[in-house]
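Trainee: Fold the following and give me the result.
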Amino acid sequence: MPKTLLSVNAGSSSVKITFYRFERPPKAIADAQVTGITSSPQTFKYKRGSRETKEQIDESINSPQDAFKFLLERCFSDPELSEAASTEDIAYVCHRVVHGGDYSDAVEINEETYHHLTKIENLAPLHNFPALEIVRTCVQELRHVKSITYFDSAFHKTLPKHIRTYPISQDIANRNGLRKYGFHGISYSFILRSLAEYLGKDRQETNLIVMHIGSGASICAIKNGKSVDTSMGLTPLAGLPGATRSGDIDPSLVFHYTNEAGKLSPTSTKDMHISIAEEILNKRSGWKALTGTTDFSRIAVEHPPSENHKLAFDIVVDRIIGFIGSYFVKLDGQVDALVFAGGIGEKSALLRKAVVEKCRCLGFTIDEGKNSGGAKDEDDAVVDISKEPGKSPRVMICQTNEQFEMAYHTVNEF
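Mentor: A predicted model of the protein is given here:
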(Lines give C-alpha, C1' and ligand atoms only; values in the text may rest on other atoms or scores of the structure.)
Protein backbone atom coordinates (compact mmCIF):
# COMPACT_ATOMS: atom_id res chain seq x y z
CA MET A 1 0.00 0.00 0.00
CA PRO A 2 1.26 3.54 -0.72
CA LYS A 3 2.92 5.08 2.29
CA THR A 4 1.75 8.67 2.29
CA LEU A 5 -0.99 11.18 1.74
CA LEU A 6 -0.50 14.75 0.63
CA SER A 7 -2.38 17.84 1.86
CA VAL A 8 -2.48 20.85 -0.46
CA ASN A 9 -3.44 24.37 0.58
CA ALA A 10 -3.51 26.67 -2.45
CA GLY A 11 -4.04 30.41 -2.55
CA SER A 12 -3.77 32.94 -5.34
CA SER A 13 -0.17 33.80 -4.40
CA SER A 14 1.06 30.74 -2.47
CA VAL A 15 0.86 26.97 -2.40
CA LYS A 16 1.63 24.89 0.68
CA ILE A 17 1.92 21.11 0.79
CA THR A 18 2.50 18.63 3.59
CA PHE A 19 3.35 14.94 3.26
CA TYR A 20 1.91 12.70 5.99
CA ARG A 21 2.56 9.11 6.91
CA PHE A 22 -0.66 7.18 6.32
CA GLU A 23 -1.46 6.20 9.91
CA ARG A 24 -3.79 7.21 12.76
CA PRO A 25 -3.21 9.96 13.61
CA PRO A 26 -1.30 11.02 10.50
CA LYS A 27 2.28 12.08 11.15
CA ALA A 28 3.88 14.91 9.17
CA ILE A 29 6.95 13.91 7.19
CA ALA A 30 7.76 17.10 5.28
CA ASP A 31 6.37 20.57 4.59
CA ALA A 32 7.04 22.73 1.55
CA GLN A 33 5.66 25.95 0.18
CA VAL A 34 6.06 28.47 -2.60
CA THR A 35 5.13 32.08 -1.90
CA GLY A 36 5.07 35.17 -4.09
CA ILE A 37 3.44 33.59 -7.15
CA THR A 38 1.81 36.90 -8.08
CA SER A 39 4.60 39.15 -6.80
CA SER A 40 8.34 38.79 -6.46
CA PRO A 41 10.43 37.61 -4.81
CA GLN A 42 9.22 34.05 -5.22
CA THR A 43 10.39 31.95 -2.31
CA PHE A 44 10.67 28.22 -1.63
CA LYS A 45 10.57 26.90 1.94
CA TYR A 46 11.14 23.29 2.92
CA LYS A 47 11.11 21.53 6.27
CA ARG A 48 11.78 17.88 7.04
CA GLY A 49 12.39 17.02 10.67
CA SER A 50 14.85 19.54 12.08
CA ARG A 51 16.13 20.50 8.63
CA GLU A 52 14.76 23.77 7.25
CA THR A 53 15.70 25.58 4.05
CA LYS A 54 14.56 28.84 2.50
CA GLU A 55 15.65 30.17 -0.86
CA GLN A 56 14.58 32.46 -3.64
CA ILE A 57 13.37 30.72 -6.80
CA ASP A 58 15.30 31.43 -9.99
CA GLU A 59 12.85 29.96 -12.46
CA SER A 60 9.55 31.70 -13.24
CA ILE A 61 6.43 30.32 -11.55
CA ASN A 62 3.32 31.87 -13.06
CA SER A 63 0.44 29.87 -11.62
CA PRO A 64 -0.62 27.62 -8.71
CA GLN A 65 -0.17 24.57 -10.97
CA ASP A 66 3.40 25.61 -11.74
CA ALA A 67 4.05 26.03 -8.02
CA PHE A 68 2.51 22.63 -7.22
CA LYS A 69 4.62 20.84 -9.83
CA PHE A 70 7.73 22.67 -8.62
CA LEU A 71 7.05 21.60 -5.03
CA LEU A 72 6.56 17.95 -5.98
CA GLU A 73 9.76 17.95 -8.01
CA ARG A 74 11.79 19.49 -5.20
CA CYS A 75 10.38 17.15 -2.55
CA PHE A 76 10.85 14.03 -4.65
CA SER A 77 14.46 15.07 -5.29
CA ASP A 78 15.26 14.85 -1.56
CA PRO A 79 16.98 11.43 -1.24
CA GLU A 80 16.18 11.33 2.48
CA LEU A 81 12.45 11.63 1.89
CA SER A 82 12.21 7.91 1.23
CA GLU A 83 8.52 7.62 2.11
CA ALA A 84 7.60 10.00 -0.70
CA ALA A 85 10.10 9.32 -3.45
CA SER A 86 7.56 9.60 -6.28
CA THR A 87 3.85 9.93 -6.99
CA GLU A 88 3.59 6.14 -6.71
CA ASP A 89 4.00 6.50 -2.94
CA ILE A 90 0.94 8.75 -2.57
CA ALA A 91 -2.45 7.26 -1.72
CA TYR A 92 -4.51 10.45 -1.48
CA VAL A 93 -4.20 14.13 -2.21
CA CYS A 94 -6.36 16.33 0.04
CA HIS A 95 -7.26 19.73 -1.39
CA ARG A 96 -8.50 22.77 0.54
CA VAL A 97 -11.23 24.42 -1.53
CA VAL A 98 -12.67 27.60 -0.05
CA HIS A 99 -16.21 27.51 -1.46
CA GLY A 100 -18.14 24.24 -1.64
CA GLY A 101 -21.57 25.70 -2.34
CA ASP A 102 -24.12 23.27 -0.93
CA TYR A 103 -21.60 20.48 -0.35
CA SER A 104 -21.80 19.77 3.38
CA ASP A 105 -18.95 17.25 3.54
CA ALA A 106 -15.70 16.40 1.80
CA VAL A 107 -16.07 14.71 -1.59
CA GLU A 108 -13.88 12.53 -3.74
CA ILE A 109 -13.18 14.12 -7.10
CA ASN A 110 -14.75 12.42 -10.08
CA GLU A 111 -16.23 13.76 -13.30
CA GLU A 112 -19.51 14.72 -11.62
CA THR A 113 -18.08 16.42 -8.53
CA TYR A 114 -15.41 18.27 -10.49
CA HIS A 115 -17.98 19.55 -12.98
CA HIS A 116 -20.17 20.78 -10.11
CA LEU A 117 -17.27 22.65 -8.52
CA THR A 118 -16.46 24.40 -11.78
CA LYS A 119 -20.12 25.46 -12.03
CA ILE A 120 -20.03 27.21 -8.64
CA GLU A 121 -16.56 28.71 -9.17
CA ASN A 122 -18.12 32.10 -9.91
CA LEU A 123 -19.28 32.33 -6.27
CA ALA A 124 -15.65 32.83 -5.22
CA PRO A 125 -13.42 33.02 -8.31
CA LEU A 126 -10.47 34.58 -6.48
CA HIS A 127 -10.41 31.71 -3.99
CA ASN A 128 -11.61 28.56 -5.76
CA PHE A 129 -9.76 29.03 -9.03
CA PRO A 130 -6.20 28.30 -7.80
CA ALA A 131 -7.31 25.22 -5.84
CA LEU A 132 -9.31 23.78 -8.73
CA GLU A 133 -6.38 24.30 -11.09
CA ILE A 134 -4.31 22.00 -8.87
CA VAL A 135 -7.20 19.53 -8.61
CA ARG A 136 -7.25 19.45 -12.42
CA THR A 137 -3.50 18.83 -12.50
CA CYS A 138 -3.85 15.89 -10.11
CA VAL A 139 -6.72 14.37 -12.09
CA GLN A 140 -4.74 14.62 -15.31
CA GLU A 141 -1.24 13.70 -14.14
CA LEU A 142 -1.70 11.63 -10.95
CA ARG A 143 -4.38 9.32 -12.27
CA HIS A 144 -3.83 6.57 -9.68
CA VAL A 145 -4.12 9.01 -6.75
CA LYS A 146 -7.51 9.76 -5.23
CA SER A 147 -8.20 13.48 -4.80
CA ILE A 148 -10.38 14.50 -1.85
CA THR A 149 -11.67 18.06 -1.61
CA TYR A 150 -12.37 19.67 1.76
CA PHE A 151 -14.43 22.84 1.85
CA ASP A 152 -14.02 25.83 4.14
CA SER A 153 -17.76 26.38 3.88
CA ALA A 154 -18.79 22.86 4.99
CA PHE A 155 -18.24 23.45 8.73
CA HIS A 156 -20.98 26.08 8.62
CA LYS A 157 -23.67 23.75 7.24
CA THR A 158 -25.36 24.05 10.67
CA LEU A 159 -26.03 27.79 10.36
CA PRO A 160 -29.71 28.39 11.22
CA LYS A 161 -31.93 29.45 8.35
CA HIS A 162 -32.49 32.96 9.72
CA ILE A 163 -28.69 33.42 9.95
CA ARG A 164 -27.80 32.13 6.50
CA THR A 165 -30.65 33.90 4.66
CA TYR A 166 -30.23 37.36 3.14
CA PRO A 167 -33.37 39.57 3.05
CA ILE A 168 -33.61 39.65 -0.74
CA SER A 169 -35.93 37.93 -3.23
CA GLN A 170 -35.75 34.26 -2.29
CA ASP A 171 -36.56 33.15 -5.83
CA ILE A 172 -33.42 34.88 -7.07
CA ALA A 173 -31.39 33.89 -3.99
CA ASN A 174 -32.25 30.19 -4.33
CA ARG A 175 -31.69 30.16 -8.08
CA ASN A 176 -28.22 31.69 -7.74
CA GLY A 177 -27.10 30.23 -4.40
CA LEU A 178 -27.05 33.66 -2.72
CA ARG A 179 -26.80 33.10 1.03
CA LYS A 180 -24.29 33.18 3.85
CA TYR A 181 -21.90 30.22 3.63
CA GLY A 182 -19.03 31.14 5.94
CA PHE A 183 -15.40 30.07 5.55
CA HIS A 184 -12.22 29.04 7.42
CA GLY A 185 -14.21 25.94 8.31
CA ILE A 186 -11.31 23.49 8.08
CA SER A 187 -9.47 25.64 10.60
CA TYR A 188 -12.52 25.84 12.87
CA SER A 189 -12.91 22.07 12.73
CA PHE A 190 -9.31 21.62 13.92
CA ILE A 191 -9.77 24.22 16.66
CA LEU A 192 -13.02 22.73 17.95
CA ARG A 193 -11.54 19.25 18.12
CA SER A 194 -8.36 20.50 19.80
CA LEU A 195 -10.14 22.73 22.35
CA ALA A 196 -12.70 20.08 23.29
CA GLU A 197 -9.88 17.60 23.89
CA TYR A 198 -7.90 20.16 25.91
CA LEU A 199 -10.92 21.06 28.03
CA GLY A 200 -11.88 17.43 28.52
CA LYS A 201 -15.31 18.05 27.04
CA ASP A 202 -17.42 16.36 24.42
CA ARG A 203 -17.44 18.35 21.20
CA GLN A 204 -21.24 18.40 21.34
CA GLU A 205 -21.02 20.20 24.69
CA THR A 206 -18.38 22.78 23.75
CA ASN A 207 -19.20 26.48 23.28
CA LEU A 208 -16.55 28.75 21.76
CA ILE A 209 -16.01 32.13 20.18
CA VAL A 210 -13.15 31.50 17.76
CA MET A 211 -11.14 34.04 15.77
CA HIS A 212 -9.12 32.99 12.74
CA ILE A 213 -7.13 36.21 12.28
CA GLY A 214 -4.69 36.31 9.41
CA SER A 215 -4.44 38.31 6.21
CA GLY A 216 -7.96 36.95 5.79
CA ALA A 217 -9.90 37.11 9.05
CA SER A 218 -13.15 35.73 10.42
CA ILE A 219 -14.92 34.88 13.67
CA CYS A 220 -17.21 31.96 14.45
CA ALA A 221 -19.71 31.28 17.23
CA ILE A 222 -19.78 27.57 18.08
CA LYS A 223 -22.64 26.30 20.25
CA ASN A 224 -22.73 22.67 21.34
CA GLY A 225 -20.07 21.88 18.76
CA LYS A 226 -21.92 23.50 15.85
CA SER A 227 -21.39 26.71 13.94
CA VAL A 228 -24.34 29.00 14.68
CA ASP A 229 -22.95 32.20 13.19
CA THR A 230 -19.82 33.43 11.44
CA SER A 231 -18.61 36.75 10.11
CA MET A 232 -17.93 35.82 6.48
CA GLY A 233 -20.87 35.46 4.13
CA LEU A 234 -21.56 34.59 0.50
CA THR A 235 -17.82 35.07 -0.04
CA PRO A 236 -14.83 35.58 2.28
CA LEU A 237 -15.10 39.35 1.74
CA ALA A 238 -17.80 39.91 4.38
CA GLY A 239 -17.12 40.56 8.06
CA LEU A 240 -13.71 41.60 9.36
CA PRO A 241 -11.20 43.70 7.40
CA GLY A 242 -8.11 41.86 6.21
CA ALA A 243 -4.76 42.69 4.71
CA THR A 244 -6.33 43.71 1.40
CA ARG A 245 -10.06 43.08 2.04
CA SER A 246 -12.48 45.75 3.18
CA GLY A 247 -14.71 43.51 5.28
CA ASP A 248 -18.21 44.84 5.95
CA ILE A 249 -19.00 48.15 4.26
CA ASP A 250 -22.11 49.94 3.07
CA PRO A 251 -22.89 47.89 -0.09
CA SER A 252 -23.38 51.04 -2.16
CA LEU A 253 -19.93 52.43 -1.29
CA VAL A 254 -18.16 50.77 -4.20
CA PHE A 255 -20.51 52.44 -6.72
CA HIS A 256 -19.54 55.84 -5.29
CA TYR A 257 -15.88 54.77 -5.32
CA THR A 258 -15.96 54.19 -9.08
CA ASN A 259 -18.57 54.30 -11.84
CA GLU A 260 -16.88 51.26 -13.39
CA ALA A 261 -17.58 48.92 -10.46
CA GLY A 262 -19.65 46.50 -12.54
CA LYS A 263 -17.14 46.14 -15.38
CA LEU A 264 -14.69 43.28 -15.67
CA SER A 265 -11.28 43.89 -14.10
CA PRO A 266 -8.27 43.88 -16.44
CA THR A 267 -6.94 41.03 -14.28
CA SER A 268 -9.81 38.78 -15.42
CA THR A 269 -9.01 35.87 -17.70
CA LYS A 270 -11.13 33.70 -19.96
CA ASP A 271 -11.42 31.23 -17.07
CA MET A 272 -11.73 33.64 -14.13
CA HIS A 273 -14.13 36.58 -14.31
CA ILE A 274 -13.57 39.29 -11.68
CA SER A 275 -15.42 42.59 -11.55
CA ILE A 276 -13.64 45.83 -10.75
CA ALA A 277 -15.73 46.04 -7.57
CA GLU A 278 -14.49 42.61 -6.45
CA GLU A 279 -10.90 43.58 -7.16
CA ILE A 280 -11.16 46.87 -5.24
CA LEU A 281 -12.79 45.34 -2.16
CA ASN A 282 -10.69 42.14 -2.15
CA LYS A 283 -7.31 43.37 -3.37
CA ARG A 284 -7.10 47.15 -2.86
CA SER A 285 -8.65 47.64 0.58
CA GLY A 286 -7.99 46.50 4.14
CA TRP A 287 -5.08 47.67 6.24
CA LYS A 288 -2.80 47.84 3.22
CA ALA A 289 -4.99 50.61 1.80
CA LEU A 290 -4.56 52.53 5.07
CA THR A 291 -0.88 51.88 5.77
CA GLY A 292 0.78 50.64 2.57
CA THR A 293 1.72 47.31 4.16
CA THR A 294 0.06 43.91 4.45
CA ASP A 295 2.39 43.01 7.34
CA PHE A 296 0.27 43.35 10.48
CA SER A 297 3.35 43.02 12.70
CA ARG A 298 4.33 46.52 11.49
CA ILE A 299 0.91 47.83 12.55
CA ALA A 300 0.45 46.05 15.90
CA VAL A 301 3.25 47.89 17.71
CA GLU A 302 3.33 49.96 20.90
CA HIS A 303 4.50 53.04 19.01
CA PRO A 304 2.90 53.06 15.53
CA PRO A 305 4.98 54.72 12.80
CA SER A 306 2.00 56.84 11.65
CA GLU A 307 -1.53 57.86 12.56
CA ASN A 308 -2.84 55.57 9.82
CA HIS A 309 -1.04 52.60 11.37
CA LYS A 310 -2.78 53.33 14.67
CA LEU A 311 -6.06 53.84 12.84
CA ALA A 312 -5.75 50.46 11.09
CA PHE A 313 -5.03 48.71 14.40
CA ASP A 314 -7.98 50.42 16.10
CA ILE A 315 -10.32 49.50 13.25
CA VAL A 316 -9.34 45.82 13.43
CA VAL A 317 -9.80 45.72 17.21
CA ASP A 318 -13.15 47.52 17.01
CA ARG A 319 -14.57 45.19 14.35
CA ILE A 320 -13.40 42.11 16.26
CA ILE A 321 -14.95 43.16 19.58
CA GLY A 322 -18.22 44.00 17.82
CA PHE A 323 -18.54 40.40 16.69
CA ILE A 324 -17.41 39.03 20.07
CA GLY A 325 -20.15 41.00 21.84
CA SER A 326 -22.78 39.82 19.37
CA TYR A 327 -21.70 36.19 19.60
CA PHE A 328 -21.49 36.28 23.40
CA VAL A 329 -25.18 37.22 23.42
CA LYS A 330 -26.04 34.56 20.82
CA LEU A 331 -24.37 31.94 23.03
CA ASP A 332 -26.41 33.23 26.00
CA GLY A 333 -23.17 34.00 27.83
CA GLN A 334 -22.31 30.28 28.00
CA VAL A 335 -18.80 30.46 26.56
CA ASP A 336 -16.07 27.96 27.45
CA ALA A 337 -13.32 29.95 25.75
CA LEU A 338 -12.41 32.87 23.55
CA VAL A 339 -9.88 31.50 21.06
CA PHE A 340 -7.23 33.33 19.02
CA ALA A 341 -5.95 31.48 15.94
CA GLY A 342 -4.52 32.20 12.49
CA GLY A 343 -1.12 33.75 11.82
CA ILE A 344 -1.92 37.08 13.48
CA GLY A 345 -4.12 35.67 16.24
CA GLU A 346 -1.35 33.27 17.22
CA LYS A 347 1.53 35.77 17.01
CA SER A 348 0.27 39.21 18.00
CA ALA A 349 0.31 39.58 21.78
CA LEU A 350 -0.64 43.25 21.43
CA LEU A 351 -3.78 42.43 19.44
CA ARG A 352 -4.82 39.77 21.95
CA LYS A 353 -4.24 42.19 24.85
CA ALA A 354 -6.23 45.00 23.20
CA VAL A 355 -9.16 42.75 22.29
CA VAL A 356 -9.40 41.11 25.71
CA GLU A 357 -9.14 44.45 27.55
CA LYS A 358 -12.06 45.75 25.49
CA CYS A 359 -14.08 42.61 26.38
CA ARG A 360 -13.31 42.56 30.11
CA CYS A 361 -16.96 43.28 30.96
CA LEU A 362 -17.76 39.82 29.55
CA GLY A 363 -15.42 38.15 32.04
CA PHE A 364 -12.42 37.63 29.77
CA THR A 365 -9.00 38.25 31.34
CA ILE A 366 -5.45 37.25 30.41
CA ASP A 367 -2.19 36.67 32.19
CA GLU A 368 0.27 39.25 30.80
CA GLY A 369 3.24 36.90 31.01
CA LYS A 370 1.47 34.00 29.31
CA ASN A 371 0.10 36.30 26.64
CA SER A 372 3.56 37.72 25.90
CA GLY A 373 5.01 34.20 25.77
CA GLY A 374 2.36 33.12 23.29
CA ALA A 375 2.48 29.76 21.56
CA LYS A 376 6.06 28.50 21.45
CA ASP A 377 5.94 24.71 21.13
CA GLU A 378 4.62 23.51 17.77
CA ASP A 379 3.47 20.30 19.42
CA ASP A 380 1.16 22.18 21.80
CA ALA A 381 -1.83 23.09 19.68
CA VAL A 382 -3.56 24.87 22.59
CA VAL A 383 -2.11 27.39 25.05
CA ASP A 384 -4.19 28.77 27.94
CA ILE A 385 -3.36 32.46 28.54
CA SER A 386 -6.22 33.06 30.99
CA LYS A 387 -5.52 35.01 34.17
CA GLU A 388 -7.34 32.32 36.14
CA PRO A 389 -6.77 28.95 34.39
CA GLY A 390 -9.63 26.55 34.89
CA LYS A 391 -12.21 29.28 35.33
CA SER A 392 -14.58 29.98 32.44
CA PRO A 393 -14.61 31.81 30.19
CA ARG A 394 -11.00 31.08 29.33
CA VAL A 395 -8.81 32.82 26.78
CA MET A 396 -6.80 30.49 24.53
CA ILE A 397 -4.38 30.48 21.63
CA CYS A 398 -4.75 27.61 19.16
CA GLN A 399 -2.11 26.88 16.53
CA THR A 400 -4.48 25.81 13.83
CA ASN A 401 -3.39 23.35 11.14
CA GLU A 402 -5.64 22.99 8.10
CA GLN A 403 -3.36 20.53 6.33
CA PHE A 404 -3.35 18.20 9.33
CA GLU A 405 -7.14 18.46 9.68
CA MET A 406 -7.64 17.30 6.10
CA ALA A 407 -5.18 14.44 6.56
CA TYR A 408 -6.82 13.44 9.86
CA HIS A 409 -10.25 13.10 8.26
CA THR A 410 -8.90 11.34 5.17
CA VAL A 411 -7.16 8.67 7.26
CA ASN A 412 -10.27 8.15 9.37
CA GLU A 413 -13.02 8.44 6.78
CA PHE A 414 -11.72 7.33 3.36
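Trainee: I'd like the next helix or strand past the lengthiest helix in the chain.
Mentor: In the chain, ranked by residue count with DSSP state H as the criterion, the top helix is helix 307-330. Later in the chain than helix 307-330, the nearest helix or strand by DSSP states H and E is strand 337-341.
Trainee: So which bits of the next helix or strand after that next one are buried?
Mentor: Taking DSSP H and E as the definition, the helix or strand that follows strand 337-341 towards the C-terminus is helix 342-347. The neighbour-count criterion (16 or more other Cβ atoms under 10 Å) identifies 342-347 as the buried residues of helix 342-347. All C-beta atoms are positioned from the backbone trio N, CA, C, and that covers glycine.
Trainee: in the stretch 151-300 of the chain, which spans are helices?
Mentor: Using DSSP state H, counting those that start in this stretch, the helices of the stretch 151-300 of the chain run over residues 161-164, 170-176, 185-199, 253-257, 276-283, 286-291.
Trainee: Does anything pack onto the fifth one? Which helices or strands?
Mentor: For helix 276-283, the packing partners by 3 or more Cβ pairs under 8 Å, 6 or more residues apart in numbering; DSSP states H and E come out as helix 125-141, helix 253-257.
Trainee: which stretch in these has the least confidence?
Mentor: Sorting the helices and strands packed on helix 276-283 by mean pLDDT places helix 125-141 lowest, at a mean of 89.
Trainee: Go through that helix and flag the buried ones.
Mentor: Residues of helix 125-141 classed as buried by neighbour count (16+ other Cβ under 10 Å): 125-135, 137-139.
Trainee: And stretch 298-306, by the same measure?
Mentor: Neighbour-count burial for stretch 298-306 flags 299-300, 304 (criterion: 16+ other Cβ under 10 Å).
Trainee: circling back to that earlier point, please identify which of the helices of the stretch 151-300 of the chain is closest to residue 115.
Mentor: Closest approach to residue 115 among the helices of the stretch 151-300 of the chain (Cβ to Cβ): helix 170-176, 18.1 Å.
Trainee: Pull the residues that contact the closest one.
Mentor: Identification of contacts with helix 170-176 by Cβ atoms under 8 Å, 6 or more residues apart in numbering yields 165-166, 178-179.
Trainee: how far is it from where the chain is centred?
Mentor: The chain centroid and the centroid of helix 170-176 are separated by 27 Å under Cα atoms, centre = their mean, to the nearest Å.
Trainee: returning to that earlier point: now render the helices and strands packed on helix 276-283 as JSON lines, adding distance to residue 374.
Mentor: Supplementary listing: the helices and strands packed on helix 276-283 in JSON lines, determined by distance: least, Cβ to Cβ, whole Å:
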{"stretch": "helix 125-141", "distance to residue 374": "29"}
{"stretch": "helix 253-257", "distance to residue 374": "36"}
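Trainee: What mean pLDDT does stretch 269-284 get?
Mentor: Stretch 269-284 comes out with an average pLDDT of 87.
Trainee: Start and end of that stretch, how far apart?
Mentor: Here the two ends of stretch 269-284 are set 19 Å apart, with distance taken as Cα to Cα, to the nearest Å.
Trainee: Please work out which residues outside that stretch touch it.
Mentor: The contact list for stretch 269-284 (Cβ under 8 Å, 6+ apart) reads 121-122, 125-126, 129, 237, 244-246, 249, 254-255, 257-258, 260-265, 267-268.
Trainee: Contacts for stretch 340-352, please.
Mentor: Taking Cβ under 8 Å, 6+ apart as the rule, stretch 340-352 contacts 184, 187, 191, 210-215, 217, 296-297, 300-302, 313, 316-317, 355, 366, 371-372, 374-375, 385, 395-400.
Trainee: need the helix or strand of this structure with the lowest average pLDDT.
Mentor: Counting by mean pLDDT, DSSP states H and E, the chain has its least confident helix or strand at helix 125-141, which shows a mean of 89.
Trainee: Cheers, nothing more for now.
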